[in-house]
Structures are given as structure tokens and as C-alpha cells.
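A.B. asks: with the input below, show me the fold.
(one chain, ligands or ions: 1)
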Amino acid sequence: MKYSIIPRPVRYDVKDNETVVVSDMTAVNCVRSFLSVGNALSEYLHTRSDAGENEIIISRAKSIAPEGYALYTENGNIHIKASTATGAYYAFVTLKWILMQVKKVDGKKNITGFLIEDKPCYRHRGMMLDECRHFFGKETVKKLIDNMSMLKINVFHWHLADDQGYRIESKVFPLLNEVASKRRYAYLGKRGQDESQPEYGPFYYTHDEIREIVQYAAQRHVRVIPEIDIPGHTTAMVAAYPELSCDGKETDVNVSTGIMPAILCAGNENTYAFLEKLFDEVCPLFQSRYFHIGGDEARYGKWRKCPKCQAKIKDNSLKNEKHLQMYFMGRINEMLRHRGKTCIAWNDCLGDELDKNIICQYWTFQNAVMVKKQAKKREVILSPMLDFYFNYSYGSIPLKKTYKFNEKKKGFRKKGVRVKGIEGELWTEWIDTPEAIEYSLYPRLSALAEVAWVKLEKRNYKDFSERQKFYKLYLRSKGINYYRLDDKTRRKLIPMFSHGKDGKEFKKNEALKKQKN
Ligand SMILES: [Zn+2]
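C.D. replies: Numbering: from 1, shown residues only. The predicted structure is shown next:
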């Protein structure tokens, strides 16, 4: 019996003639350095204090890759070996998948023997959630982190500042909460033109809530990378503090979608002073050494008309506004470097002059040639929108398309290219409930996990589809609202944005769910 495991382990040999019993009488024997994993495993198995019929032995093996592990059965016992606590934790996750597939008889599970050796292909295996367009709260975030950790996804990229809302408590700049965390109504775009709707917000995470989530994620070996998107996508910040903009004019937090003209003034030294203070407050909340500074879709209209921005261009011998943005990103990078952080930015702002320590996150193919060239100079995270934007309908990005992502064909497997990892994105303009989040992510999150964990040459869609059967049973058992439509129905439902209450695909899925239950 071979069990379904996602992502697929590098090596999985079945020992058909060996059976190992796992019960509450199985003792967990763990080296001191991996005690957190040993304790979690004991808790999971409800291990009794007098346990000792057999053992799960967790030990350290320096030769194993940092996030890798060995998990095998031998003489009636189970062995876990790893060089890091994360590796040991991933062995525990794999063991959980195995145990879930075995029925308990008289309090015991008889599992078929195995030898598993495993390690990830990429170090950065991420998922982003946008909580600016819609806000979901900590329980939804924790559930997402749980589901990510079951797939060995190790980065939660948290998009917390955009045109439609600023979501981090600020004691230094209280208007970021009083003004920027609210907007006139919930719905964005066309649906939003109804003045009778109640105000949306205030919605933001307090410092305590952020620490709680970061801690919760760390226990599951997920690190949290916050994103404060600057200099564009800053309407909410500018609504709170108009002096951050070039013209100082008052504006409202956006209730529409698309690319907005708001931009922080890059010519005014006060903007930098403001950000210094903001980072002083925000950085200590997050343990991760990475910080996302956005940099996408900046519109330069206001910079062109601003005497301060134009003076900055002249004084620093910059060619144009694009170069002013690279100057701006460079200064932000320097600020964050002093606070022990490494910056990540979207690929729109890329250029030869952009500080080479800034990691590039590739989403739009507009400057693909530049990104490939730059990928030899700096690290790159791959999130191309037509493969990994899970807010797009399944009609546009079916499970298979995400799974079949081929970094070699896209030109990211050449010599010297520094791919740090793969990340999925969930923008929430049209996603306004936890059910719609789940529908958009599952099962596509599992394809993302496998692309990020398993080497291209070892990925196999047919084999993955087989393992989807148990994965869907698992999702069902957890009450997760996964996507259930077949391909035939899907092809008729082409619109790209089809999620949330008004989405055709979403509605159809809801109907199908009711029918089947
Ligand atoms: Zn300006």
C-alpha cells in the first residue's frame, strides 16, 4: 500500500511485507533539539504516559538537507531523521498524511512499511493573501496557515497596505487606523456605487494579533513576510496623511479597483522620515528577515508635475521618473537593511540601477526579458499571473495549468539564474468571504506546493491527479469549500474574475455542492 502524499516525496519505497502499529501506546523518543516536534507528535497521537509498545524515534542527522528528512519503518518502529527542526517537522507532516489514510481498529493503526527520503526543490514556497481589498481576520488567516503547513508551504506573504485599506495598527500614526482602515462601503468597482451601504471598517490587525499570528505560523514552520506596498498603491495612506503626496490634496480611501494615481512624494524628505518611523514600529512585529515593499504599478503623473520630485531627479542626476522610483526603492531598501531586513519588490520596478540586494518577485510578463537578465544578478521569486494568480477563475487557470508550470520553458533554468522560489497570490477585489477564499485556493494550493517542492523533471500530473483523490477527501473532512466543478462545466465559464457572491463559477460550484450533499 502506497499512501497519497502531497507534495510528492523525492523517494518513497514501499515495504509491503512490513507492518508497523501506531497507537497511543507508541512512545515518542526525541532528541532535545527537536523537542517541539516530538511534543507535537505526542499530542497528535495522544501518547499515554506508560506508552512503550513500540517507538517513533526522532534523531539528528547532519548530512540531511536543511528542510529535508528521512522517515522510515524498521523493526516495528518508525524513525525520523533531520538536520533541522523544520526537516523533523516536515517528517511529522508526512506521517500525519499517512496516518490519516489508515483506519483505526481497536485503537490501533496498522501501517504499511516505507522508506521516505525527502527535501524541497525551492527554499521559498509561498502564498500571498491580500487583506486590503477585503479583510478576513485572524481565524481565517490561521486556517490558511494550517493548510499551508500541511503542504509544506513555508512563507505567508501578507499584503497589508494598498489603495483600499491599511491594515496594521499604528500608535505613531493613528490616522492610518482612524482613516486608512475604513472606506465608504465594502464592495469595490461597479458594485460599489451604492451609497446606502454601510461603511467598511475600521479593519486592521493590532500589534498583539500580529504577534499571535506570527507565533502561530512559526510553530508550523511558516514565516510571515509583511507587505507595505509603496510608492504606488498608497491611496489609503495618502487619505490619512495627504502631506505624503506630491500635491497634498485630500483624498478618500478607494472604493474602486484598478491602478490609481496616488503615489508617495519621492522628492520630499518628510516622506522618508515618515517611513523611517513607520518601519521602526512595524519591523519588530515580524520575525522574518524579509520585507515586501511592493513597487508595482506606480503611476508617475504626479511626480512629473511635482517641483520636489523634479528637483530630486536633477540633484541626483537621475534620467527620469522610472529612475526616481529605483532611487526611492533603493533608499527604502537601505532603511530596512539597517533594521535587519532584506527587501522583496514586484518586477515592474526592475531596472539595472535597482539595488541588487532587492529580491525580484516576477508577476507581470511586461518586462520578462529584463527579469530573466536580472535573475542572474539578484534572486527571483516566480509568481507569473497566468499560472499562480488564484483570484482568477478556474476557467482561466485550471489546476493542471498551475501544476504544469515549467520554469525551464519560461527561461528560468539557465546557468546562473537565481530562482529563490515559487509563490501563489490571492488578490481579493472580488473575494469577500472565507468560503470564496477556500474555493479559489483549493485544490490549486496543492499544485503550487508540488511545483515548489518537487523538481520539474519529477513532476507528473497523472500521478498528482491520483493523489488528489485523498486530498479532496481531506478537504471535505475539514469542511473546506474546495472547487468541485468538472472540466466540461469549467470551459463554459470563461470570465477571469469569477469568485465571491457574484461569480458565475462560484455560484455553479455552490449549487453543485448542495446537489451532492
Ligand atoms: Zn513629489
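A.B. asks: ok, and what's touching stretch 326-338?
C.D. replies: 230-231, 264, 266, 272, 275-276, 279, 283, 291, 293, 295, 312, 316, 318, 342-343, 345, 349, 351, 353-355, 357-358 (CB atoms under 8 Å, 6 or more residues apart in numbering). Bear in mind the C-beta positions are built from the backbone N, C-alpha and C, glycine included.
A.B. asks: go through the residues you listed and flag which are in strands.
C.D. replies: 230, 291, 293, 342-343, 345 (DSSP state E).
A.B. asks: near the ion, which residues of this structure show up?
C.D. replies: 246, 265, 267, 306, 308-309 (CB under 5 Å from the ion).
A.B. asks: what number of residues are in the vicinity of the closest residue to N254 other than its chain neighbours?
C.D. replies: The spatially closest residue to N254, leaving aside those adjacent along the chain, is D163, at 4.2 Å (CB to CB, 6 or more residues apart in numbering). Per other CB atoms under 10 Å, the neighbour tally for D163 reads 30.
A.B. asks: ok, L160 next?
C.D. replies: When neighbours are counted by other CB under 10 Å, L160 comes out with 22.
A.B. asks: what about it, which helix or strand?
C.D. replies: strand 155-162 (DSSP states H and E).
A.B. asks: got a list of contacts for the following helix or strand past that strand?
C.D. replies: Next in sequence after strand 155-162, counting helices and strands by DSSP H and E, comes strand 165-166. Residues outside strand 165-166 that contact it (CB under 8 Å, 6+ apart): 131-133, 135, 160, 176-177, 180-183, 201, 203-204, 236-237, 240, 253.
A.B. asks: please identify the pairing partners of strand 165-166 and their relative orientation?
C.D. replies: strand 155-162 (antiparallel) (DSSP bridges).
A.B. asks: contacts for the partner strand next, please.
C.D. replies: 124-133, 141, 144-145, 148, 166-168, 205, 217, 222-230, 233-237, 292, 294, 421, 423, 427.
A.B. asks: what stretches of the stretch 151-300 of the chain score poorly on pLDDT?
C.D. replies: Residue ranges of the stretch 151-300 of the chain with pLDDT under 70: 190-194.
A.B. asks: so where do the helices sit in it?
C.D. replies: 175-178, 207-219, 235-240, 269-282 (DSSP state H, counting those that start in this stretch).
A.B. asks: now the closest residue to the ion within the stretch 101-250 of the chain: closest residue in space that isn't a chain neighbour?
C.D. replies: In the stretch 101-250 of the chain, no residue comes nearer to the ion than C246, which is 3.3 Å away by CB to the ion. The shortest distance from C246 to any non-neighbouring residue, by CB to CB, 6+ apart, is to C306 (3.6 Å).
A.B. asks: verify the stated contact: that neighbour with I263.
C.D. replies: No - at 9.3 Å, C306 does not count as touching I263 under the criterion of CB atoms under 8 Å.
A.B. asks: joint contacts of these two?
C.D. replies: Joint contacts of C306 and I263 (CB under 8 Å, 6+ apart) are C246.
A.B. asks: looking at these two, which one has more neighbours?
C.D. replies: Between C306 and I263, counted using other CB under 10 Å, I263 has the larger neighbour count: 28 against 22.
A.B. asks: distance of the more buried one relative to L324?
C.D. replies: 10 Å (CB to CB, to the nearest Å).
A.B. asks: list residues touching both of those two?
C.D. replies: 300, 303.
A.B. asks: residues touching T26, list them.
C.D. replies: By CB under 8 Å, 6+ apart, the neighbours of T26 are 45, 47, 51, 53-56, 78.
A.B. asks: give me that answer again for 6 Å
C.D. replies: Contacts for T26 (CB atoms under 6 Å, 6 or more residues apart in numbering) come out as N54.
A.B. asks: and it, what pLDDT?
C.D. replies: On pLDDT, T26 comes in at 98.
A.B. asks: what about it, distance to L41?
C.D. replies: 9 Å.
A.B. asks: quick revisit: quick one: buried ones out of the contacts of stretch 326-338?
C.D. replies: 230-231, 264, 266, 272, 275, 279, 283, 291, 293, 295, 312, 318, 342-343, 345, 349, 354-355, 358 (16 or more other CB atoms under 10 Å).
A.B. asks: cool, thanks, signing off.
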